[in-house]
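[1] model the structure of this input:
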Amino acid sequence: MDELEHKFEIEVQKTEKRQKITDKIKVELKAAGMMDEKGKIKLKGVSPKMLKRMKQEFVDCPVLKEETHFIQCFICSNFQSRVTGKVLCKGDPL
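    Numbering: from 1, shown residues only. Model prediction:
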């Protein structure tokens, strides 16, 4: 199996508190059909248990050069894959 082309391998970090999703990301999620009108996230292929865990995770984004919510990373066009606590990122400018 060929390895996915990526520039960055980013460690997924956890926090005890849920992180707040910014309004900009909420608008993107609603536009993509990943969030309903009540503000509940619905990612296809992601179980409610995994979604709860994702809400408590963040990454140091090398493209945005700041800590970002994992869900923001997950819906990013640079997101390739998540493997054993690491995210493979293309690293292209947004």
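[2] in the chain, where is pLDDT below threshold?
    Along the chain, the model assigns pLDDT under 70 to residues 1-2.
[3] residues making contact with the longest helix seen in it?
    If you go by DSSP state H, the chain has its longest helix at helix 23-31. Applying Cβ atoms under 8 Å, 6 or more residues apart in numbering, the contact partners of helix 23-31 are 21, 35, 37, 39, 41, 69, 71-72, 75. C-beta coordinates here come from the backbone N, C-alpha and C atoms, glycine included.
[4] what is the helix or strand encompassing residue 74 packed up against?
    Here residue 74, judged by DSSP states H and E, is contained in helix 70-75. Here helix 70-75 touches helix 23-31, helix 48-54, strand 57-61, going by 3 or more Cβ pairs under 8 Å, 6 or more residues apart in numbering; DSSP states H and E.
[5] what's the last one in contact with?
    Taking contacts as Cβ under 8 Å, 6+ apart, the residues outside strand 57-61 that touch it are 10-15, 19, 66-70, 73, 87, 89.
[6] what of stretch 85-94?
    4-12, 59, 61-64, 73, 76-82.
[7] which of those fall within helices?
    Reading helices off the contacts of stretch 85-94 with DSSP H, I get residue 73.
[8] buried subset of the contacts of stretch 85-94?
    6, 8, 10, 12, 59, 61, 63, 73, 76, 78-80, 82 (16 or more other Cβ atoms under 10 Å).
[9] closest one of the residues you listed to residue 52?
    Comparing those against residue 52 with Cβ to Cβ picks out residue 12 as the nearest, at 14.7 Å.
[10] now the contacts of helix 23-31: which count as buried?
    Buried residues within the contacts of helix 23-31, counting neighbours by 16+ other Cβ under 10 Å: 21, 35, 41, 69, 71-72, 75.
[11] partners of residue 41 in the sheet?
    Counting by DSSP bridges, residue 41 is bridged to residue 35.
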